[in-house]
Structures are given as C-alpha cells and as structure tokens.
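**Q** Here's a sequence, model it:
(chains A, B, C, D and E, ligands or ions: 4)
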Amino acid sequence: MTQFLQQLINGLSIGSIYALMAVGYSLVYSIMNFSNFAHGSVIMLGAYFGFFSLTTLGMPFGIAFFIAACGAGFVAVTLERLAYKPLRDRRAPFLYFIITAMGASILIDNGVIATIGPTPKTFPPELLPSYLQSGSIQIGTLGIGRVDIAMFVITAVCLVALILFIDFTKMGKAIQATAYNMKASALMGINPNFVIILVFAIGGALAGVAGVLYGVKYQVFPQMSSITLKSFIAAVFGGLGSLPGALLGSLLLALIETFVSGYISTQLRDIFAFFILIAMLVIRPAGIMGKSAEDKA
Amino acid sequence: MLSVHELHVSYGGIKALRGVSMEVNQGEIVTIIGANGAGKSTMLNAITGFLKPAKGEVIFNGHKLGRNPAAIVKLGICHVPEGRLVFANLSVQDNLMLGAYLRKDRKKMAEDLEKVFVLFPRLKERIKQQAGTLSGGEQQMLAMGRALMTDGELVLMDEPSLGLAPLLVKTVFQIIKEIRDLGKTILLVEQNAQKALEVADRAYVLEQGRVVKEGAACDIQSDPAIRAAYLGSKSVAGGA
Amino acid sequence: MLSSYFQQIIVLVGINMIAVLGLSILTGFTGLFSFGHAGFMAIGAYIAAIFVARLHLPFWMAVAAGAAGAALVSIVIGGLTLKLKGDYFCIATMGFGEAVRIILNNIEYVGGARGWESLPQLTSLWVVLVLAVAMVVITWNLINSRHGRNMVAIREEELAAQMAGINVFRYKMVALVVSAAMAGIAGALLGNYIQFLRPTMFNMVKSTDLTIMVIFGGLGSISGTIVGTIILTVLPELFRNFAQWRLVVYGLAVVVIMVGRPQGVMGGFEMTPSGIRKHFAARRARQALEAELRAAERESAA
Amino acid sequence: GGAQKSDTIKIGWLGPQTGDSALWGQAEYNTVKMMADDYNTAGGIDVGGKKYKVEIVAYDDKGDSTEAVNVAKRLTSQDKVVAVVGPQGSGEAIPIAPIMNDAKIPCVASTATNPKVTVTENGTVNPYMFRACFTDPYQGKVAAYAAYEKLGKRKAAIFMTIDDPYSTGLAQYFKESFEKLGGKVVEQVSYTSGEKEFRAPLTKIKAANPDIIFIPAYYNDVALASKQARDLGIKQVLLGGDGWPSDNLVQLAGNSLEGCFFINHLDMDGDAAKPMRDEYMAKYQKKAELNSYMVHDSLLMVIDAIQRAKSLKGEDIQKALTSTDLEGITGHIKIGPQNDPVGKTAWLIKIVGPDMKFQDKFAAAD
Amino acid sequence: MSTILELKGLTKQFGGLTAVNDVSFKVAEGGISGLIGPNGAGKTTIFNLITGVYKVTKGAIEFRGTPIQGTEPYLIADKGITRTFQNIRLFKNMTVFENVLTACHTSARYGLLESIFRMPRYWKQEKELNEKARGLLEIMGLQDRMDITANNLPYGLQRRLEITRALALDPKLLLLDEPAAGMNPDETEQLMRLIGEIRKMFKLSVLVIEHHMDLIMGVCEHIHVLSFGCTLADGTPDEIANDPKVVEAYLGSDEEKKSC
Ligand SMILES: Nc1ncnc2c1ncn2[C@@H]1O[C@H](COP(=O)(O)OP(=O)(O)OP(=O)(O)O)[C@@H](O)[C@H]1O
Ligand SMILES: Nc1ncnc2c1ncn2[C@@H]1O[C@H](COP(=O)(O)OP(=O)(O)OP(=O)(O)O)[C@@H](O)[C@H]1O
Ligand SMILES: [Mg+2]
Ligand SMILES: [Mg+2]
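**A** Numbers count the residues shown, from 1 in each chain, chains lettered A, B, ... in the order given. Ligands and ions are numbered 1, 2, ... in the order given. As a prediction, this is how the structure comes out:
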C-alpha cells in the first residue's frame, strides 16, 4: 500500500511537469496548427536564464524565476518572428513549420553546447527558497518531496489561470478565433500578429517556468529539449490544442509510466507508453479531449 | 466618406485591379457588380488592408488606409468576407460576441444581439452549436450577424446572398436596407445584380479590373448592355 | 581511385538516398509525415544481419529479407495508424520508431543495447550505386503512373480523391509499405557496410534527419529528394572541422532554407527533360491566359 | 600507413564534441592538444634520430557509431594519420575496429571498457585496436570484491541504464562476480538513458531493502539518482564504477553521496596525477576529467610505440604497441595478448565531503 | 422510366441533431432531378450519405436496386456515383490535365508492378488514359487550359473542371452540389445548357442541389424539396413552384419591384 501511494505521488509529480510543458505545445498547436518542436529548446533556455540569473547575477530566486519566464517568452517570440512568420506569410504547409522548428531546435541546443558547454548544472540548494529545497515530508514511510509539492501547486496555479484566461476573457476568445481563421479575426478588429505574439509569449513564459522547475528538480543541461518529447506525447494523448486535454494527458501518461515501471518492469515502461499511445490513437484518433468531427464536405 | 483613387492590385503576374477609382458617400448603398473574377473581392480586400496595392490609395473619413486590417476595422469599417469565414471551432454565441471585440458599450451590445436574433431566429436555436457544423447558409447568416455586432459605420459586404435560399436572399436584402436605415453606409458586392441594383443607390460595373460604367442604380439597371450581360434574359428574382 | 573516405561518403549518400526516396513517396507524394522511419531501417538492418551473420545466407537474400520484414511490419502499423490525421499520424509513427528501438535494446540474440559487432562487410560501393539508381527508377516509374497520381491526389485533397474512386486507405498503405521496404533495404545495406549495429543508431534523430532531407530537397520532387540527400549528407562532413559548431551550422542551414525557400531546394519541380518541358508548358499556358484577358480588355475598351 | 610530407607526425583523435557525452570528449580534446603543444615546445619527438612535431587531427563523432565510422575512414584515408587515440565509448570503438584493421593504423581507445573493443565476438583479436583502460569484466569483478570483501555487504541491488552497453555490461559482470563470492543481488532495475526521473524504479529498490546499491552509470545520472534515492528515504551506501569520477559529481549530487564508493582507474587527487592536474588547471581553468588522464595515457602509449618502433608505419607502430610496458598516470600499463592492459590497478575511492578520498587499490585480482 | 437511385427512410443524426429525417425519394434513370430546400435542410448531408462520406444512421440507399449504404466511398464511386462539392475541392497543385487524368484511373487496370517495370500494358493503357482525358477536356472546352495549375484557374472554370473530373469516372449518376453558386445569370445559363448536353452525351442521370431557381426550374424534370431534414414536397417543377408549402418555406411570395 505504501509503495502504491509512493508511486502515485511520484506519478503526479512527474505529471505536473509534463503538463506545464505540454500546455505550451498545445497552445501553439491550437493557433498555428503545427507541433512546435522547438518548444523543448525554449524550456531549456528558460532553465539556463533562471540558473544564471540566480548564480552569476546573484538575483533573488523570485526575480530569477521571473527573468526566466520573460527570457523564455522573449526567445519564443523571437523564434516566431524570425522563423515562423515568414512561413506563415507564405502560407507554407504545416510540414515546413515542423521542419523549421526542428532546425531551430538543433541550432539552439548545439548553440548552447558550443557556448555554455555540455556540463549539466544544478541549482545550488542554498540559493533556493526553502519550499524548493530537496528533502521530503515524511508521512509514515511515505516520502513526499517538498519540490514536488511546490511544483504541483505552481503548475496548478499556472494552468488554472491559463484556462480561465482562454475560456473566459475576450482576449482568450480572440486567441481561439485567430486560431481558427486569421483573416476573419482581423475583420473583427483582432490583430492576428499581436495574438500570435501573445500566444508565443505565454507559451514561452510557461516554458520558462517549466524549465526552472525542471532544473530545480533535476538538472539544467543542453539536451533538456529531448526529454520534453514525453510532454509532447502527453499533449497528443490528451488531444492537441486542448488545454484540459494536455493536463489530463500528462497526468495519465505519467501515472501509466510510473506504475508500469513500479509494478511491471522498468524495461517495458517506454514500450508500454508508446503502445498505449498508439492504442489510444486507434481508439480515439484525436486524443482524449480532441474533437474529431466527421469531415464536412 | 470612402474614396478610392486609381487602385492597382496584382497577384504575382495577374493584374486583378487596373486603376479603379470610386466614391462612397455617407448613408448610401453603393453596389459593385461584375462577372466572376472581375476583381470585386480584390477591391474589398485591398480596402481593408489584406492586399498591398501596387499603386493608388484609399481614404476613409480623411484617414489614408494602410495595411493593418485590425486598425482599419477600428476606424469603423466592417467587412463581411466572401465565403463563410466563421470561427468554426467556436460556438455561435462566441462568434457573435467576437464581432463586438472592439466594443465597450455592453448595454448596446446586448440590444444588438437581440436584434440579430430577431433577424435570424435560426441562430438563436443554434446558439451553443459549433459554427463549423452549421450548414452553408446558416454560416452565411452567422457572418452577417457577426458583422452587425461590430457596429461599424461603413459595411463592406462581399456576396452576402451567395448560397442562400431564395427566401433568405430576400431577407438578406431586407436586412441590408435595414442596416442602411440604422444610419450606416454600405458597399455591396454582388453576383445577384438584379437584387443588388434594386436596393442600391449607385452602382459601379467592374470588368477585368476596370470600372466600365458607373451611375445611379436605376440608370444602370435600365442600361440594355448591362441587362444583357448581368441580369440575364429573365428576371432573376425569387420564384420562377 | 577515390580514397576510401570518399567512397564511404558516396556509399552513405546512396544508402540515405534509398531511405529518403522511400520517405519521399510517403511524405512528398502522399502527404503522410513519418517520424518513425528509422524503425523500418532498424528492422531491415537487423533482419539482414541475422540472415548473413547467424543463418549464413547470401547477401542478396538478406537485403530482400530486410525489405520484406520492414514491409510486413509496416502493413501492421499502417493498418493501425493510417486512419489518423496530420500530427496524430506522425506521433503514432514516432511511437512505433521508438518502440522498435526499445524492443531491440532488449533482444540479447542481436546484442541488445550493447550492439552487434563484427558483421561481415558485404555492402560495396557498386551494390549501393546500382540499388540507388534502381530505386530512383522505381520511384520515378511509380510516381508517373496512375498509382502515383492517385497518391498525389490523396495529398492534395483526400475527400475528393475518395470521391474519384481512389481507395485512399489502400494507396496510403501502398505508399507506406513501399517506403518501409526501401528503408529496410537502406538499413540492410548500412548494417553490412559499417559492420556494426546498435539500436541507438536508429533513434528519432535518425528519423527526423531523413524527413529533413525530403523536405529540404522539396516535397513532391524526386530530383529534389536526390539533391537534398546529397547536400545534407555531405554538409556535416564538410563542416567536420567546426567541431562543436558543426550542428549549429546544420540547424541554421535547415532554418534558412525553410525560411528563405519554403518549397525546398527544388520544390515540386523536376530536373528532367519532361519536368522542364512541363514547367515551360505551364508558364506558356499562364501567359496565354493573361494575353487572352488583355485582349478581351482591349476589346472592351474599344 | 603514410609517408609524412613534412616533419610532423599526424595523430588522429576522435570523440564526442557534441551530443550527450560532449563533456568528456572536450576534456580529451583539450588534453591531447595540450600534450601536443608540450611535445612540440620541447622540440618534438625523436623517431629514429629525427625530430618530428606532433600534429593532432581531431574530429567530432557525436558519440554516434555511424559518425565514428565516418571519422575513422577520414582519419585513415584522407588525413593519413599514423595512429589514432580515442574514441572514448565502446559504442564507437567497436565499429571502427574493422576500419583500423583494414587501414593498418593502430588505435588506442581511452575509456572504451567493453571487451569487444579488442576481441571480437568469435574470439579473434582486433590487431589494431588497443586501450589504456581496464575492461568491464575486470572492473565488475573489482567492484564486487570491494562490495563483498572490503565493505562487507551481502545483499546488493543494481540500478542501471538499460540501453547503454557500458552500464548493462558492468551490471552483468558485477552480478556474476558478486554472486560467485556468495552475495545476492536482490533487485535489479533500470532506466533509459536520457531519463531524469528515477523515483519509480528506486521505490522498488527501497522495497527490496539491500545492503548496498551498485550504480554502473555516468556521473550526472548518479547525481540525480542519489538525490532522488535520499528523498525517498533510501539510506544505503551507493557503489559505482569509472562513470562516476568527475569534477561535477559532488557539485551536482550535493551531500547525497556522502560516504559512497566508486572504482576508478587512478586516484585523481593523488601524487601521480598532480603534474598533469596542475598543468590542465593552469591552461584551461578547469579540473581535468578522468578522460583527460585516460587519453593522456593512450597518447603516451602511441608516442612510446612510435619511438620504440623508430618508424611511422602503422604496422610497425602496431607491433611496438603489442609490447607496451610503461608507467602512465593511471598506473602500470602492460599490454597483454588480447591488446588490453593486464593486471592494471583498480582504485577504490570514497566520497567524503567535497573530496574523493583514496581508500584502497587492488591489482590483478584473478 | 426506371429508377437509378432510391432513398428509403433515410435518417442521419449528428449527436442530438437530426439533420436528415426519414427522407425517401427516387431519382429517375436518365433524368435530371433537383434537390432543393432552405439552408441547413440537409441537402449536402444527403449527398454525403449517398457517397458514403457519412455513415447512415437509419434507412437504406439503393443504387440500381442494390443497397449501397455502409459501402466504402471509393467503391460507391466505382459503382458509378460521382459528385462535385459545395466548396470546390480540386487537386489544387496539379495541372488541369493531371486532375482529369488522375480521375480517369478507373479505366486502366495495370498493376503496381506493371507500372514499376513499365510493362507493355502500362504504355498501352497510359496512352488510352491520356487520350480519354484530352477528349474530355476538349468536350468541356478546357483544352487550352490543360497545363495550368488548377488553383490558378478562374472560379467558373474551376467548377467546370470539377464536373469534368467527375465525368472522367464514367459515372451513371452525377451529383452536383450548388454548381452555379457564385455565378452570374449569364454563366448560370451556360451551365444549364452544359448540364443538359452532358446528360445526353454521357447518358447520365443527374441529381442537382441549387438555390438558383432559374437553373432548377429550367433543367429539372423532377424536384424534391427538403425542409429541416424532412420531405416537404416532391413533384414536377410546376407542381413545386405552385405548392403553397414550398412557397412559404422556401421560395417566398413575389414582392413588388422597387420603382425607380
Ligand atoms: N490569391 C489569388 N492568387 C492569384 N490570383 C487571384 C487570387 N485571388 C484572386 N485572383 C485573381 O484575381 C482576379 C480577381 O479576383 P476576385 O476574387 O477579386 O474576383 P471577384 O470579382 O470577387 O469574383 P467572384 O465573383 O468569383 O468572387 C481573378 O482573375 C482571380 O483569378
Ligand atoms: N458534421 C456535422 N456535424 C454536426 N452537424 C452537422 C454536420 N454536418 C451538417 N450538420 C448539420 O446538419 C444540417 C444540414 O446541413 P447541410 O449541410 O446538409 O445543409 P444544406 O441543406 O446543404 O444547406 P446549405 O444549402 O446551406 O448548404 C445543418 O443544420 C448542419 O448544421
Ligand atoms: Mg469575389
Ligand atoms: Mg449544402
């Protein structure tokens, strides 16, 4: 029983990180209709921004966190302007966006290796606020990491705020409208460029938050973007473009992974994850929350 | 109110507009008629800044219009686009509310919404349905309704009767008149020249990117050459 | 005589080209985007290695078996996933590619994660050249037939293709199976060339590299695929002296070409006599249409 | 083999300057460059009475098998080097073996510990492949001995990387030796490389309650695993191999590794390593990594062989390499019949505070 | 005249919405029938049901006496039912010629291997396909536009190309969804004539959806009227034009002309 609860907690903790990363994918997907494979690199840069603000610049953690979010948001927007906008202007098909994103990701990751170096970094514990320091709260034999609790709370706050923003504000509706049709939304007086920048900024800022949290929980290193693949799978799992879907998909994927490796076999975990992914898509071709209407002729 | 000077627009090599000038005065309905591909939609898209004119300019209430559609809409031009550019992923209600995106006057917005529902009861029935699953005609109604919600001074309409049942075509032209009666100015692009000329005050005839004729709607309607080319041998109005 | 280093580059270009041509049928011509083609390469490579190193069967049989194995697996995968749309299909294929790799990691018979060394070197420059040319011809012949046109129709407008009597599922399957078989051949040649196999050689990076080559060269152009493969295989070799900046340059090249020339290097245009003829015919027809319009205009002005 | 146009000896190096293991590749690269500079400022190498400058031709292999093969071809056929040092991983060293054999250019791997680097599956020796390090079976045996005899542990758990041949190999050899000594492996769990979240498998280890946990992995994974293990309340001693030693280990792991042990190729804080440690620090403002010492000895073996062979021909250098018998930074290196150093010393190191304290050394435990 | 297509109690529901409700009617062999009704009546949905794009909720569709509901769309096309779309769906980046040539594929029987190895049958049938496509384009007056990419074609010609593409399959029954949408009266008249000619030349049956009453009343021999998914009326053009229910729900009563 203890082991079960422990694994449940492990799963939820990983799930909350997946979720924070997955919503960035989903947000961009919903508006641009392509999977932004450079998102992982933005997460990685966010983590580095946070790390250097805290250590080299000696900022307090809160400020460093803020800088990471802003910096990652800025990178995401820059990427949009330099790499995606020209494609958008030419109405290039989604394949081109994906390839450009991959190219950008290769560029950024290796740029970091070439300049900062490949060595992983850890946030020095003494510079972190107490709620983010390692160590755990023991309930009987159950250990709940303090980081995990903080992370869960921060993720929940970010996601709830985001979902409220998208569903209940005019700006949120404008984002959804632009996601569907840029021309028509421009006719409503919505500036599509502004909306797209906003979406990338939000997605980027969330990436920054995710990057720092990930860095605090694990490490900061240039290949961080490759681990975000899982969060991408989670986004698909939940239904691309759906924020609650991304959240649900993340938690489910994380729990499945945790329980498979905890109870069946660690070797089988990833195979299991991928098989469930394929099985899921066969049963529900647009993910759990994705809408798959019959193609209207 | 709106004046267009010597507008030239081309798509790559194809010249869609070759020096078009026109005027729209406060409170009138002006219609542009012309065959498929004459450049009518191109004209409207150039006015609202979706296309970059190679030459020429557009002045609205003393402002020279640039290339930012959102800013142009803000100045009080609203455009009902060709085709059914409704937000397919949003509900009918959300579509209508987005029409009022730039508006702050909540009370008047609610009134306008009621007005839209009176004009198009079908929309009220489907208020929660995703706009993308509406039929072609229902979507056209939604696009009209959404435009009414923007409350612009000048309304550009691109083939509002396209794909509508005869009964609804009548309703649409009725609405166009009602919108004018609300004190708005309308620039109407139509294939259904007969109907358009019936409601319009003045008309321009566009052929291959040029204005070949302009004048009062009645004069154009009675011009034998125009009748032959655009109005068909028989009357096109609803019913056989 | 070419130095063996150059020969090796030619061999790798040829092997990549076989895989990329297959992927081009799937992605460039049928409009399906796969992230798991390295998985098919892996299947081909390991089956071929088992044939030569464990069963001691002739090389040609091993290559054929590699192709057939990859094709068979693709039928199963296709049956499950071809109904998926857009990104969902590419995620499913990615899942497949990764699953293949992880499964191979756990099969001790073929060396597991440790890899499988001292395979015989049976792939020669000439084998690769002959097969690469054969694959170009096969791809060309396939694309320029009613079958190829049906695939392109699916890419262009799936629903209309269906209404035109095209069995969309079957043609997607054909495209997938042909491309998987070609990836299988490429894998078989690779393993028997570098004499070593390891599951990580066929990771997602390999899959994306293949896709990048297809798109870099230009979707829907066989000559583009060839040019793209050559450039992107040779480029990293040219930049080998850049050490850690090498991949930065590679990433930059991909972004720049996509942004500066989104239709890829060749973009639907074929560098062949008939392709050039078609290009000019289209231009003439466009000009004729314009001239006609102009004439009509003069008439109406008069 | 090649005739040199000018009076330089071209020696090739390959290793990962990009990709996951770029840290070690860069440390190796720095070291060989530094050594070449040293040789050249000292007037060069004396080969049969003639002075030669040393030129290092270095290429990135991304830690990728296919790339390594490309690079090996390039070094041997394009650049015409007389010998090659590196690569660092067995995954790259194994596939380049046929190329080195064909080209008749010897290669001395730095940290490729898999037995198959020098001896093929069917038992034949790759004549042109050598290494400066001990092998995994040896290391596994040493680790098991340390755990069972030195530390007195009876129940072990293994936590390994499933898709890394180094990790699975070492785990297997450890298990065999440990059980032969009378111990019991009570739990064996794994993760995939690149993974950072180990709580699920570690929870299983916790449930098995071993005396010691053997972690044959690289330092950054070790750091993460140890932190997460401590978070889960796992208090047992952790034991590792030569993937552990790194300047970054303790920094990354915080105090979670306090009192843990690992097997190394040398005492990196010991006297033998001091000259190079200081020089490296002075030149690069960084602490030398294990790979720096290993590649140092690889290059040393090559230079020594060249001088003894008095020739720049690959065949001659190869022949000289087979009779290598020299004192490197990492201990006494005597190449045996299988082209591996025989009876190399293994060092047991304990982590105490921020330091890595030498505990014990074993030789030729057979 | 015999019946080519018969709908029997056809029903389609989308979630809670019944888009087509127990509709039954027949399309006469060799005739031109019309399907009209207010927007959202379910006309396009019926086309989608006939062509297998949507799954039938209830009821039956019989084509020449055999039920076809549940059949894969491409098989339905093979049986001889083809259509055009309300919003044009051409193979946009193919040339006009390739659009038609592609659709001709059912007339060739050479297999995958025959094309890969360029066997004699490939050459022979490929030549026949080319001739057929060329012939069709000539009949439809598109021969001068053969090499233009479909999406560069003027709107009216795109509609025409869509019909040509449908004809390339040698259909027995042609379904046209608002073919005159966006056309002026002049063009509509031309289209009317074209439909009549095609019907004779290819011995087709046609079912057409339109809102242009001129066209419907002018060419159709029989008209079925839908409203809110249900049958409202069924009869000859004259009967329909004078049916008070249809006038009320769809046509609207004639109003006075604006006086100048
Ligand atoms: N995106 C485009 N690219 C290239 N040419 C275009 C494009 N849009 C329109 N054209 C061409 O420009 C000309 C004018 O088109 P426009 O859409 O303005 O005509 P229209 O009068 O609105 O016709 P319709 O009645 O069909 O709506 C046509 O010849 C058309 O083919
Ligand atoms: N895929 C779908 N999902 C949900 N509802 C749908 C779907 N397709 C059609 N509908 C609904 O079914 C009804 C009939 O639509 P249909 O498109 O058949 O109308 P139509 O008669 O063709 O109208 P129009 O003349 O305007 O094109 C409409 O109310 C529409 O909203
Ligand atoms: Mg238009
Ligand atoms: Mg319809």
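**Q** Please name the nearest non-neighbouring residue to residue 223.
**A** Just going to use chain A. Nearest residue to residue A:223, sequence neighbours excluded (Cβ to Cβ, 6 or more residues apart in numbering or on different chains): residue D:20, at 5.9 Å. For every residue, glycine as well, the C-beta is placed using N, CA and C.
**Q** That was the other one, I meant chain B.
**A** Nearest residue to residue B:223, sequence neighbours excluded (Cβ to Cβ, 6+ apart): residue B:213, at 7.0 Å.
**Q** Okay, buried residues for whatever helix or strand that neighbour lives in please.
**A** Under the criterion of DSSP states H and E, residue B:213 resides in strand B:210-216. Judged by neighbour count (16 or more other Cβ atoms under 10 Å in any protein chain shown), strand B:210-216 contains these buried residues: B:210, B:211, B:212, B:214.
**Q** where exactly do the strands run in the chain?
**A** Using chain A. Using DSSP state E, the strands assigned to chain A run over residues A:136-139, A:142-145.
**Q** Chain E, not that one
**A** E:3-14, E:17-28, E:32-36, E:58-63, E:66-67, E:81-83, E:173-177, E:205-209, E:222-227, E:230-235.
**Q** Please apply the same query to chain B.
**A** With strands called from DSSP E, chain B shows them at B:2-11, B:14-24, B:29-34, B:55-60, B:63-64, B:77-80, B:154-158, B:185-190, B:202-207, B:210-216.
**Q** And the last one, what does it pack against?
**A** Under the contact criterion of 3 or more Cβ pairs under 8 Å, 6 or more residues apart in numbering or on different chains; DSSP states H and E, strand B:210-216 touches strand B:14-24, strand B:202-207, helix C:273-301.
**Q** partner residues bridging the residue nearest the centre of chain E?
**A** In chain E, the centroid-proximal residue (Cα atoms, centre = their mean) is residue E:175; its distance is 2.0 Å. Judged by DSSP bridges, the bridge partners of residue E:175 are residue E:83, residue E:207.
**Q** circling back to that earlier point, now for the residue nearest to residue A:223: which residues touch it?
**A** By Cβ atoms under 8 Å, 6 or more residues apart in numbering or on different chains, the residues touching residue D:20 are A:118, A:223, D:63, D:193, D:194.
**Q** that's a helix at the fourth one, yeah?
**A** No: secondary structure of residue D:193 (DSSP: H, G, I helix; E, B strand; the rest coil): coil, not part of a helix.
**Q** So which of the contacts of residue D:20 is the closest to ligand 3?
**A** Ligand 3 lies nearest to residue A:223 out of those, by Cβ to the ion, at 51.8 Å.
**Q** Surely residue B:173 touches residue B:198?
**A** Yes: the criterion here is Cβ atoms under 8 Å, and residue B:173 meets it with residue B:198 at 7.2 Å.
**Q** where do the helices sit along the chain?
**A** Unless you meant another one, I'm taking chain A. Applying DSSP state H to chain A gives helices spanning A:2-32, A:39-54, A:61-79, A:85-89, A:94-115, A:146-168, A:170-180, A:182-187, A:192-217, A:224-227, A:229-238, A:243-259, A:268-283.
**Q** Hmm, no, I was thinking of chain D.
**A** Along chain D, the stretches classed as helices by DSSP H are D:22-41, D:65-73, D:90-103, D:136-145, D:165-181, D:199-208, D:219-231, D:249-253, D:274-284, D:290-309, D:314-322.
**Q** Including distance to residue C:107, mean pLDDT and mean neighbour count, could these go into TSV?
**A** Formatted as TSV, these follow (distance: least, Cβ to Cβ, whole Å; pLDDT from 0 to 100; neighbours: other Cβ atoms under 10 Å in any protein chain shown):
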stretch	distance to residue C:107	mean pLDDT	mean neighbour count
helix D:22-41	29	91	22
helix D:65-73	18	88	26
helix D:90-103	17	89	26
helix D:136-145	20	90	25
helix D:165-181	13	90	22
helix D:199-208	21	87	23
helix D:219-231	24	89	25
helix D:249-253	33	87	21
helix D:274-284	42	93	14
helix D:290-309	31	93	25
helix D:314-322	35	93	21
